[in-house]
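S.K.: whatever this is, show me its structure:
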Amino acid sequence: MKDEIALAGRLVREFTQKGLTISTAESCTGGLIAKLITDIPGSSAVLKGGCVSYTEEIKHRVLGVSEEILRTKTAVSEECAKAMAEGVRALFRTDIAVSATGYAGPGGGSEKDPVGTVYLGLATAEKTVCMRIFLPDATREKVREEAAKNAIEMALNA
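M.R.: Got it, this is the predicted structure:
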């Protein structure tokens, strides 16, 4: 967890200096991204809020992920991760938003996206992008930690 804490500290420092704000939309990470950021003193200057959207209902109703995406692409997909990031960015009116949706295990998964698959979304005013990570032999905890770390790195590189 040292790497994740160091990255979160860097995010808070850099975003504070640049006057940027961030929000999070999390499913499989269960709020870990927001927790890592809020562990850093001064994080209230950059983190406006987050949403743990663990169900499709909340992804749709709160974040605005379309029912079509959920039905045809599923909640664990590039399209859903992007829509989650865009939805939470609009909800909290932030400069940058990150999202995480995936299968941390031990159950779940599909042939296309087995356990250990996570889609990370990033939305800014200029673009929305997605990164897929796959950790086939990782524990549930490790999948969540790696997803949070990668989401913070995405925000830093945006």
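
S.K.: contacts only, for I37.
M.R.: A8, L11, V12, I22, T24, S43, V46, L47, I152 (C-beta atoms under 8 Å, 6 or more residues apart in numbering). Yep, even glycine has a C-beta here, placed from its N, CA and C like the rest.

S.K.: average model confidence for the helix or strand harbouring the fifth one?
M.R.: In other words, T24. For T24, the element it lies in under DSSP states H and E is strand 22-26. Averaging pLDDT along strand 22-26 yields 98.

S.K.: what about M84, helix or strand, and which?
M.R.: helix 78-92.

S.K.: I meant to write A138 there.
M.R.: Residue-wise, A138 maps onto no helix or strand under DSSP H and E.

S.K.: so it is in contact with E146, correct?
M.R.: Yes: the pair A138 and E146 passes the contact test of C-beta atoms under 8 Å, sitting 6.9 Å apart.

S.K.: and these two? which has more neighbours close in?
M.R.: E146 (20 against 17; other C-beta atoms under 10 Å).

S.K.: ok, the more buried one - contacts?
M.R.: V118, I133, L135, A138.

S.K.: next, the angle helix 78-92 makes with the helix or strand hosting it.
M.R.: Secondary structure assignment for E146, by DSSP H and E: helix 140-157. Relative orientation of helix 140-157 versus helix 78-92 (axes from the mean of the first three to the mean of the last three C-alpha atoms, to 10 degrees): 60 degrees.

S.K.: next, the angle strand 22-26 makes with helix 140-157.
M.R.: For helix 140-157 against strand 22-26, the angle by the same axes, to 10 degrees is 150 degrees.

S.K.: if you average pLDDT over helix 140-157, what comes out?
M.R.: Computed over helix 140-157, the mean pLDDT rounds to 97.

S.K.: keeping just the C-alphas, turn it into CSV.
M.R.: What follows is helix 140-157, C-alpha atoms only, in CSV (Å, rounded to 0.1, in the frame of the first residue of the first chain):
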residue,chain,number,x,y,z
ARG,A,140,-9.3,-9.8,-4.2
GLU,A,141,-7.4,-7.3,-2.1
LYS,A,142,-4.6,-7.1,-4.7
VAL,A,143,-7.0,-6.6,-7.6
ARG,A,144,-8.6,-3.7,-5.7
GLU,A,145,-5.3,-2.2,-4.7
GLU,A,146,-3.8,-2.3,-8.2
ALA,A,147,-7.0,-0.9,-9.7
ALA,A,148,-6.9,2.0,-7.2
LYS,A,149,-3.2,2.6,-7.9
ASN,A,150,-3.7,2.6,-11.6
ALA,A,151,-6.7,5.0,-11.4
ILE,A,152,-4.7,7.5,-9.4
GLU,A,153,-1.8,7.2,-11.9
MET,A,154,-4.3,7.8,-14.7
ALA,A,155,-5.5,11.0,-13.0
LEU,A,156,-2.0,12.2,-12.5
ASN,A,157,-1.1,11.6,-16.2
